[in-house]
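*Asks:* kindly return the folded structure for what I paste below:
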Amino acid sequence: QVQLVESGGGLVQAGDSLRLSCAASERTFSLYAMAWFRQAPGKEREFVAHISSSGRWTNYAEFVKGRFTVSRDNPNNTGYLQMNNLKPEDAAVYYCAIGPSPRTESTQYRYWGQGTQVTVSS
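*Replies:* Numbering: from 1, shown residues only. Here you go, the predicted model:
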C-alpha cells in the first residue's frame, strides 16, 4: 500500500505560480506512472497531467498546456506540478495519483492522495 501526500496548495492571485508536491511513502513510487487531477466544487474530477514512471513522457490537458509542468524525483519518491500563470478557473482541489501506466482516466490509477486546495483570486 503506497500512501501519497500532496502539499503546496494555497491562496494566490491570478498570474501567480505554485508548485505542488506529491510525496510517496514507498520506493516503489518509481515503478508507477503519476498523474495530477483536479476537482472544483460542483464539477467532476478532471485530468490535468501525467508523467511516465521514468519521467521521460508527459501529457497535459489542453487547458494547462504551456502553463503547468509535471515532473518527478524518483530517488526522493516525490512528484511535482509546477503551475504558472494561474487563472481563477484553475481553483480546485488537486490530487496526485499513481498507477501502472500513464492514462487520462482516473479509474486507471490505484493510489490517491488526499488532495490540496488551490484558490486563485482575480
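
*Asks:* for W36, name its beta-bridge partners.
*Replies:* Beta bridges link W36 to A49, C96, judged by DSSP bridges.

*Asks:* that one and V70 touch, don't they?
*Replies:* Yes: applying CB atoms under 8 Å as the test, W36 and V70 come out as touching, 6.3 Å apart. The way it works is simple: take the backbone N, C-alpha and C, and place the C-beta from them, glycine included.

*Asks:* common neighbours of those two, please.
*Replies:* 49-50, 81 (CB atoms under 8 Å, 6 or more residues apart in numbering).

*Asks:* so where do the helices sit in this structure?
*Replies:* Counting by DSSP state H, the chain has no helices at all.

*Asks:* per-residue pLDDT, the residue nearest in space to the middle of the chain?
*Replies:* Centroid check for the chain by CA atoms, centre = their mean gives W36 as the closest residue, at 2.7 Å. On the pLDDT scale, W36 is placed at 98.
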